[in-house]
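# what follows is a predicted structure for the sequence shown.
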Amino acid sequence: MRIDVLTLFPEFIAQAAAVGVVGRAQERGLLTLQGWNPRDYAEGGYRRVDDRPFGGGPGMVMMIEPLRACLAAARAADSAPAPVIYLSPQGQPLTQRKVRELAARPRLILLCGRYEGVDERLLEAEVDEEISIGDYVLSGGELAAAVVVDAVARLQDGALGDAESAVQDSFENDGLLDCPHYTHPAQHPELGDVPDVLRSGNHAAIARWRRQQSLGRTWLRRPDLLDESTLSKADRALLAAFRAARDGQGES
Ligand code: SAM
């Protein structure tokens, strides 16, 4: 997969994507990441990329022409079709479902805003969709672009080792939250013991316990996710037992 990022700070994206799973994905040739700086496409001695907003008011607005020329250069760098995505607090919220959809594409072009944002005419003419990483305002789109790059890169085939498998991750497993995880030591003098079932060697019992924890956690922390997932009869029974145990009326 190829991701091109238009940003006034290409080094930010390069650094954020240099380590861990995303860094390895690049090394293995699973992901090609290239930054493009609109300033390199700006005219004049000052290489100006922003100007004052019409109508007055605070802040600056990113100008059409440097972005347009930069985008044309990025598009021409590869023949694969690529949607242009503007990272924006006004966009559709990023979800794991959306991440999966983006990860299946051969190429993405991400546009990072700064200042008050980008001239609306450029957005209308060139942008296919807007994505937000949450209901808060960042000072630039780079952090949001780095989030998209990370989430999408780790879903590329071969990016994750077995130990990091995405299958059980939150939102992947029927839209549920992940179960709790434990490692050595099995007993800790202050923080307690690992649940017995995880050391029982009974794989069916372990799978059942993990599924129940996923269901229970989702019910406790994100009940909205349960509304969206279709629970089997067995799932409903596991969840009922979890709830009963919590209420002190039964066993989990
Ligand atoms: N005036 C804009 C508004 O209120 O919609 C916010 C501009 S913000 C200070 C500068 C840039 O940061 C935006 O152009 C966008 O690229 C990025 N940005 C800010 N918050 C974001 C969010 N929640 N998700 C994605 N990008 C964001």
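Received, thanks.

# going forward, measure contacts between C-alpha atoms and count neighbours the same way
Noted.

# give me the contact list for the helix or strand bottoming out on mean pLDDT in the chain.
Taking mean pLDDT, DSSP states H and E as the measure, the helix or strand of the chain with the lowest value is helix 223-228, at a mean of 94. By C-alpha atoms under 8 Å, 6 or more residues apart in numbering, the list of residues contacting helix 223-228 from outside reads 175-176, 218-219.

# SS state for the residue of the stretch 151-252 of the chain found nearest the ligand?
The stretch 151-252 of the chain approaches the ligand most closely through residue 151 (14.2 Å), counting by C-alpha to the nearest ligand atom. At residue 151 the chain is in helix, as set by DSSP: H, G, I helix; E, B strand; the rest coil.

# please identify the buried residues of the least confident helix or strand of the chain?
Within helix 223-228, the residues that count as buried by 16 or more other C-alpha atoms under 10 Å are 225-226.

# C-terminal to that helix, what's the next element?
helix 233-246 (DSSP states H and E).

# coming back round to it: using CSV, write out every CA atom in the least confident helix or strand of the chain.
Only the C-alpha atoms of helix 223-228 are listed here, as CSV (Å, rounded to 0.1, in the frame of the first residue of the first chain):
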residue,chain,number,x,y,z
PRO,A,223,-22.7,-0.5,25.9
ASP,A,224,-23.3,1.4,22.7
LEU,A,225,-21.1,-1.2,20.9
LEU,A,226,-23.4,-4.0,22.1
ASP,A,227,-26.4,-2.3,20.4
GLU,A,228,-24.5,-2.6,17.1
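
# renumber starting at 29 from here on
All set: I'll call the first residue 29, so the last point we hit is now helix 251-256.

# what ranges do the strands span in this protein?
For the chain, the strands defined by DSSP state E occupy 30-34, 60-64, 78-79, 89-90, 112-121, 135-140, 157-160, 215-216, 220-221.

# give me the residues contacting the fourth one.
So the one you mean is strand 89-90. 77-81, 141-147.

# also the fifth one?
For strand 112-121, the external contacting residues (C-alpha under 8 Å, 6+ apart) are 136-141, 151, 154-165, 169, 172-173.

# now, which of the residues you listed lie close to the ligand?
140-141, 160-165, 169, 172 (C-alpha under 6 Å from any ligand atom).

# any of the contacts of strand 89-90 buried? List them.
Going by neighbour count (16+ other C-alpha under 10 Å), the contacts of strand 89-90 have 77-78, 141-147 buried.

# how many other residues sit next to the nearest residue to residue 59 once chain neighbours are set aside?
For residue 59, ignoring the flanking residues on the chain, the nearest one in space by C-alpha to C-alpha, 6 or more residues apart in numbering is residue 29 at 4.9 Å. Around residue 29 there are 19 other residues, counting by other C-alpha atoms under 10 Å.
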